[in-house]
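K.L.:
sequence plus predicted model, see below.
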Amino acid sequence: MTDGAVSPTTSGAPTMVQLLDASGVRHEHPEHDAHLEPDELLGLLRDLVLLRRFDSEAEALQRTGELGLWVGTRGQEAAQIGAARAVRPQDHLFPTYRDHGATLSRDVDPLHILSIYRGIDHGGWDPVQHGVHPYTLVIAAQLLPAVGYAMGVQRDGAMGTGDPARDTAVLAYLGDGATSQGEASEALSWAAVYNAPVVFLCQNNQWAISEPVERQARVPLHRRAEGVGMPGVMVDGNDVLAMFSVVRSALDRARSGGGPTFIEAWTYRMGAHTTSDDPTRYRDSVEVEQWREKDPIDRFRTYLRAEGVLDDDFEEQLAAESEALAERIRAGVRGMTDPDPVGMFDHAYAEPHAQVEEERDAFLAAWAQHEQDLEQSPAGGGR
Amino acid sequence: MTDGAVSPTTSGAPTMVQLLDASGVRHEHPEHDAHLEPDELLGLLRDLVLLRRFDSEAEALQRTGELGLWVGTRGQEAAQIGAARAVRPQDHLFPTYRDHGATLSRDVDPLHILSIYRGIDHGGWDPVQHGVHPYTLVIAAQLLPAVGYAMGVQRDGAMGTGDPARDTAVLAYLGDGATSQGEASEALSWAAVYNAPVVFLCQNNQWAISEPVERQARVPLHRRAEGVGMPGVMVDGNDVLAMFSVVRSALDRARSGGGPTFIEAWTYRMGAHTTSDDPTRYRDSVEVEQWREKDPIDRFRTYLRAEGVLDDDFEEQLAAESEALAERIRAGVRGMTDPDPVGMFDHAYAEPHAQVEEERDAFLAAWAQHEQDLEQSPAGGGR
Amino acid sequence: MERAGIQRMALGKAVNAGLRVAMERDPRVLLMGEDIGKLGGVFRVTDGLQKDFGEDRVLDTPLAEAGIVGTALGMSLRGYRPVCEIQFNGFVFPAFNQIVTQLAKLRARTRGRLTVPVVIRMPFGGGIGSVEHHSESPEVLFAHTAGLRVVAPSSAHDAYWMIQQSIASADPVLFLEPERRYWEKGDVDVDLGPGEVAPLHRARVLRTGKDATLVAYGPTVRLALDTAAAAAEDGTDLEVIDLRSISPLDVDTVVESVQRTGRLVVVHEAPTFHGPGAELAARVQERCFYSLEAPVQRVGGFHVPYPAARYEDHYLPDVDRVLDAVEAALAA
Amino acid sequence: MERAGIQRMALGKAVNAGLRVAMERDPRVLLMGEDIGKLGGVFRVTDGLQKDFGEDRVLDTPLAEAGIVGTALGMSLRGYRPVCEIQFNGFVFPAFNQIVTQLAKLRARTRGRLTVPVVIRMPFGGGIGSVEHHSESPEVLFAHTAGLRVVAPSSAHDAYWMIQQSIASADPVLFLEPERRYWEKGDVDVDLGPGEVAPLHRARVLRTGKDATLVAYGPTVRLALDTAAAAAEDGTDLEVIDLRSISPLDVDTVVESVQRTGRLVVVHEAPTFHGPGAELAARVQERCFYSLEAPVQRVGGFHVPYPAARYEDHYLPDVDRVLDAVEAALAA
Ligand SMILES: Cc1ncc(C[n+]2csc(CCOP(=O)(O)OP(=O)(O)O)c2C)c(N)n1
Ligand SMILES: Cc1ncc(C[n+]2csc(CCOP(=O)(O)OP(=O)(O)O)c2C)c(N)n1
Ligand SMILES: [Mg+2]
Ligand SMILES: [Mg+2]
């Protein structure tokens, strides 16, 4: 009953912003540009490559049982890295469970991401220090808090002052599937009504687990934002330069008091939804192959080679750096120790809660008792 | 922080469909027209006038304490009556607590509406027989069920057959405030994705209790629907002919399998939000006076007089009919008796529920005991 | 010696006064909700506050409860202390996802790195003859949810102080206002020093008695007191405890009382089935197993959707039903 | 005499088989949910059903739980019998408003004129080492809500029959599937006639014993049986009851047992505080006041958000914790 009318070129949609096409050829765009110095360009490549390596290493760790689950980023590196580069230190990010490129860009220790998927904690970084909210697993539930945070920025007067070190924006991430949640619509609508300094970055990776984006919408997703009076921009999510430029403009606009923007990054989830998923049940390898042609890293490499920015030396350095990262991750994950069980009682509340205290005491007493029983039992085997 | 940019003429918005202007002058419209016979026109006037009388009588009953609350329709008669006339018997309506024009049009006994506001029940009519869902008080919560109902219609094959007695549509009502609820957005989005035969009728009466519509949106409300790929139409909600015509086209489209439509009826709540409300705390009498000039009944009367359709005889008849209705309502409400208390246990479940049965038995036993105590107590005053 | 600071005011007005003090004291305190600005809220609890503190601190929000709670949470991350109003108890459910999956869990999720001091104010309970969804008592849904605190004042004095304590709390607090008591006047001692105000989660013995213990909170506290007065006429001496907090529960105060009286009746408007009284009954039977002379009795709403207004006199616990339960407890 | 119809299957597969029978029998039965079609659901419970019944009867829906439940409700008004899947227990909250204010109340609202036979299936409980929101036990939130029924099978046999009974029920049913038991195999007697299947809301005594009664449901039933086996080694004879239904509660079966054993331990994964065991404790102490020889003990989750996977062995009730509670009950 759907007509599959979702594509970046559907009539009424603006053209997709693209600066670098699938074969790595640079194009001009009337509004968007990305003047970057060679070392900045190489920095982008480095981030792309390291993210991919991080991801594949994590996937491997999951396969060997070191992680309980992995949520991969393959194919979405440009969308995440391009956007991350447009962020300023004072900005605040609200990522999904898949936005490792966003998280890593905030100098979060990669092991802090991996500890989530090992089941050690729900994210070990300090959200305030790093300017990045913990991963939100309830689809779309990070969006209203992101808007609220932006309303706080507004009340702090940290917007529209013209001071680049002060003006602040919020970058809120969501997937294509997330656009269907009522809370996502509420977030867009509030952001528009309050003119909050927030940019919504929707990575349309074409799938929400097994469901294609046509199941969520008949028209391109960014039109939903236009419907509440916010500009919607469609950008090639596999083009790191376009991503950088589009996100930068939107963040600048937000920081200056110009209001929110919704960005739909047209990309693809190359791997499974998570390591628990089996995409062969629902999608075609032909589709995957077509997207492989649009690989965000390949095209950027081609471009950098053609520009003479990238040489073998850098590639070698980068390979070594990747290897070191992988090694650090492997060792770090394998070295993670399980948390102290009693820690589960520690942070439910900031202030004492009688029942939690009571449960904690009973838990400790029972534990001590069992330790004692174990010692006393001749076989040492407990009950 | 809002710019109040909500008006029917905001750029990008289609022109508001109007067939009869505020002074009762008939205008042509390229797409919309309403060819109605004189008796049909008089029928419309009758419904408008009776609805207004119903409303004012109910309000009076509330003031004298016969009703606990009243939710008035004054100013919105054309929006409700025009729409109602476009509905076919097999269609199904999902009204809000304010849509008495919709409910009455389905031959629901007016006393069934009033019993809600007297606190006797939550609506005494049979929703299946009358094709009108009970009033939903949780803002926007009727919309997803309305879409589901329409998806049922679709599965029944009662759509797109070309048979006017079979093809069915759903008319889902909402207010301007309701558009902010996440569930409203979900409903629009589902309707579009499944191409469900549902028409959303949003009566933008400019206020959600004390909040002006600018608090809900920066752009006209129907654009939200366009954002999910559904046509949005703006219509003069105080013009009964335009309402009839626009709703009829949308319902026809839905019934034929053409999909959902969102209609924003530009109207005004002339009275208080409810009888518990005090609009002088938040809005200007100047605004109210301006809208009085646009009264839906006055302009229609003027038009019918000018056309020679309406004469004094009809007016007299109508006045008598109004009086009779008022009388029936007054007598009916005053004659309502409180329900049997034990009835509160009857319909929580269709099938027996052990705890409810137990509570019911205990309730009956305690009641019997107290009756007995009362009889035995010398003063007859209980404890 | 009479204190200078005693002011007589209605419970709703006391919440208003408490909000005002909190807002004066701390510029980070914000109010958010539907119709709380110019209108002053449907119960006028926020009356005058937008006028005095401006639209940036008293926000009339879009009509979306998830939006209210979700954005309040976000503002709290930026250092603000938002106080949300949910217009009526039956309309909190669109916000349930934000409350249960975000507000309640964010602190634990970040192992204490994030603090979300959001207060959600909400009228609760019935008895005002209202239409559907306006008279419910959903407190146990929040009390069962770890990470939230749930409190309910029963008097103007407590309303004044408990709202300030709730705002001062670093944890999210559901602040339940007994809607049929909004207009009940009481003495508020506004001059108490920090150490003089009862802790937020401490139950309070309102009346000592030796025959049985009556426990109530919010709207049923007055009912419990009325019942005790009626019972006194028959020579039965009831102890009345105002629980004040549903999460955490001050079980110690109740246990101490039951150990003396040997009998307990819990009274609330929420449906009894899987309701808040069950937890108290379960804990008291455990801790007072040898001092209980009769089973714990519960009086509450029935397991049916809150009925239309003309049923509510029969639906809501009243003096007769509480007396019946007391009799049952005394008979055993 | 062995019956012909005994089939051995995993619990998840049994739900699938039960759904298939219901769909074959009644064309009005529809399935709705995220990823339930081609993928067959994240737990493969609906595997193969879209292939066999088509996209019109097995709907892969947009990613919106309110949408799933709300539209299912609407379809039920048109005569369909939708069975919704909520992908994980922690994701039911966006649908909470539709469940609590519409689905649960529509029948009462219309005084029986509308019937909304919607089933909401949902995996619940922990123990599978999952990330946040995938391991919760929110059943009491639904059980406290009048108008809903709440059931939980613990075995393949019950899964097969109870899903069919839930679909046949005229009332909305929350059907909770113990996610860590999806792969546990059991014998399913598929050949039972209507009178031979246990009523949906009847508790079942799985093991008779004389020293104490253990009550469990869903995932903790196996735990209760394991505990009984361990206790038997120490010479303690435990009776084990599978509650099967949380609303309504079959209190009679439990009371009958406690009147014999004099001791009761309730075990569930849901947090104990204001949790489902409280209601049972409250009712049993009332009805068995004179036969109880020790206070009712409860074993459940703690009042903290469900912790990360590496804590869950300590968070979830295990044999040791249940044995401790049994000991406490026996010591008193
Ligand atoms: C409220 C809610 N419902 C269901 C899920 C289960 N779930 C996890 S990821 C996912 C698909 C998300 O798709 P999308 O938003 O496109 O993000 P992507 O995973 O593709 O990055 C679903 C249904 C969830 N996490 N939260
Ligand atoms: C979910 C929810 N939140 C709040 C309310 C309280 N309330 C009742 S009517 C109303 C305003 C509705 O405005 P609108 O949708 O414009 O409809 P109108 O009353 O103007 O017809 C509010 C906030 C409610 N009924 N439901
Ligand atoms: Mg996706
Ligand atoms: Mg309105």
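P.N.:
Thanks, I have the structure now. Residues are numbered from 1 along each chain as shown, chains lettered A, B, ... in the order given. Ligands and ions are numbered 1, 2, ... in the order given.

K.L.:
so what's residue A:153 scoring on pLDDT?
P.N.:
We have a pLDDT of 98 for residue A:153.

K.L.:
excluding chain neighbours, what is closest to residue C:198?
P.N.:
residue C:204 (6.3 Å; C-beta to C-beta, 6 or more residues apart in numbering or on different chains). All C-beta atoms are positioned from the backbone trio N, CA, C, and that covers glycine.

K.L.:
list the contacts for the one you found?
P.N.:
Residues near residue C:204 by C-beta atoms under 8 Å, 6 or more residues apart in numbering or on different chains: C:198, C:241-242, C:244, C:253.

K.L.:
try residue A:281
P.N.:
Counting by C-beta under 8 Å, 6+ apart, the residues that residue A:281 touches are A:210, D:38-40.

K.L.:
could you rerun that using 10 Å?
P.N.:
Contact analysis of residue A:281 by C-beta atoms under 10 Å, 6 or more residues apart in numbering or on different chains lists A:210, D:35, D:37-40, D:44, D:47.

K.L.:
is residue 47 in a helix, a strand, or coil?
P.N.:
The chain I'm using is chain A. helix (DSSP: H, G, I helix; E, B strand; the rest coil).

K.L.:
quick one: it from residue A:103, how far?
P.N.:
Residue A:47 is 12 Å from residue A:103, where distance means C-beta to C-beta, to the nearest Å.

K.L.:
need the overlap of contacts for these two.
P.N.:
Counting by C-beta under 10 Å, 6+ apart, the residues touching both residue A:47 and residue A:103 are A:80, A:84.

K.L.:
neighbour count: those two, which is higher?
P.N.:
Taking other C-beta atoms under 10 Å in any protein chain shown, residue A:47 and residue A:103 do not tie; residue A:103 has more neighbours (24 against 21).

K.L.:
hmm, the more buried one is touching residue A:124, no?
P.N.:
No - judged on C-beta atoms under 10 Å, residue A:103 makes no contact with residue A:124 at a distance of 11.1 Å.

K.L.:
neighbours of the residue in the stretch 101-250 of chain A that ligand 3 sits nearest to, how many?
P.N.:
Nearest to ligand 3, among the residues of the stretch 101-250 of chain A, is residue A:175, at 3.8 Å (C-beta to the ion). Number of residues near residue A:175 (other C-beta under 10 Å) recorded here: 26.

K.L.:
cool, the one 4 residues further on as well?
P.N.:
A count of neighbours around residue A:179, defined by other C-beta under 10 Å, yields 31.

K.L.:
repeat for residue A:55
P.N.:
Neighbour tally, residue A:55, other C-beta under 10 Å: 23.

K.L.:
any idea how far it is from ligand 4?
P.N.:
49 Å (C-beta to the ion, to the nearest Å).

K.L.:
apart from its neighbours in sequence, what residue is nearest that residue?
P.N.:
residue A:73 is the one closest to residue A:55 (C-beta to C-beta, 6+ apart), at 4.8 Å.

K.L.:
equivalent analysis for residue C:151, please.
P.N.:
Closest to residue C:151 by C-beta to C-beta, 6+ apart is residue C:245, at 4.8 Å.

K.L.:
show me what contacts the one you found?
P.N.:
Neighbouring residues of residue C:245 by C-beta under 10 Å, 6+ apart: A:354, C:143, C:149-152, C:162, C:173, C:199-203, C:217.

K.L.:
so where's chain C uncertain?
P.N.:
Within chain C, the stretches with pLDDT under 70 are C:1-4.

K.L.:
which stretches in it count as strands?
P.N.:
Remark: strands assigned in chain C by DSSP state E are C:6-10, C:29-33, C:58-60, C:81-85, C:119-124, C:149-151, C:173-178, C:185-189, C:204-207, C:212-216, C:238-242, C:245-247, C:264-271, C:297-301.

K.L.:
nearest to residue D:13, out of those?
P.N.:
strand C:264-271 (37.0 Å; C-beta to C-beta).

K.L.:
distance from that closest one to the middle of the chain?
P.N.:
Computed by C-alpha atoms, centre = their mean, to the nearest Å, the separation of strand C:264-271 from the middle of its chain amounts to 13 Å.

K.L.:
so which bits of stretch A:323-341 are buried?
P.N.:
Along stretch A:323-341, these residues count as buried under the neighbour rule (16 or more other C-beta atoms under 10 Å in any protein chain shown): A:325-326, A:329-330, A:332-333, A:336, A:339, A:341.

K.L.:
what's opposite the residue of the stretch 101-250 of chain A closest to ligand 3 in the beta bridge?
P.N.:
Legend: beta-bridge partners of residue A:175 under DSSP bridges are residue A:203.

K.L.:
quick check: it touching residue A:200?
P.N.:
No - applying C-beta under 10 Å, one finds residue A:175 not in contact with residue A:200, separated by 11.4 Å.

K.L.:
shared neighbours, these two?
P.N.:
Here residue A:175 and residue A:200 share the contacting residues residue A:184, scored by C-beta under 10 Å, 6+ apart.

K.L.:
ok, stretch A:121-128 near chain C or not?
P.N.:
Yes - under the criterion of C-beta under 10 Å from any C-beta of the partner chain, stretch A:121-128 makes contact with chain C via A:121-128.

K.L.:
tell me the mean pLDDT for that stretch?
P.N.:
Stretch A:121-128 comes out at a mean pLDDT of 96.

K.L.:
what about residue A:269, how many neighbours?
P.N.:
The number of residues near residue A:269, taken as other C-beta under 10 Å, comes to 27.

K.L.:
OK, contacts around it?
P.N.:
Contacts of residue A:269 (C-beta under 10 Å, 6+ apart): A:71-76, A:98, A:175-176, A:203-209, A:277, A:279, A:283, A:288, A:291.

K.L.:
so which of those belong to helices?
P.N.:
A:288, A:291 (DSSP state H).

K.L.:
in stretch C:172-185, which residues are buried?
P.N.:
Buried, per 16+ other C-beta under 10 Å, within stretch C:172-185: C:172-182, C:184.

K.L.:
the helices in the stretch 51-200 of chain A, which residues?
P.N.:
Per DSSP state H, counting those that start in this stretch, the stretch 51-200 of chain A carries helices over the ranges A:77-85, A:100-105, A:110-118, A:127-130, A:143-156, A:182-194.

K.L.:
what residues does the fourth one touch?
P.N.:
What that stands for is helix A:127-130. Residues contacting helix A:127-130 (C-beta under 10 Å, 6+ apart): A:89, A:92-94, A:103, A:105-109, A:112, A:133-134, C:77, C:79, C:106, C:109-110, C:113-115.

K.L.:
which among those residues count as buried?
P.N.:
Taking 16+ other C-beta under 10 Å as the criterion, what is buried in the contacts of helix A:127-130 is A:92-94, A:103, A:105-106, A:108, A:112, A:133-134, C:77, C:106, C:109-110, C:113-115.

K.L.:
OK, contacts around the residue nearest to residue C:144 when sequence neighbours are not counted?
P.N.:
Once flanking residues are discounted, residue C:144 sits nearest to residue D:274: 4.0 Å by C-beta to C-beta, 6+ apart. By C-beta under 10 Å, 6+ apart, the contact set of residue D:274 is A:355, C:139-146, C:150, C:246-247, C:249, C:274-276, C:278-280, C:282, D:140-141, D:144, D:303.

K.L.:
I appreciate the help and will end here.
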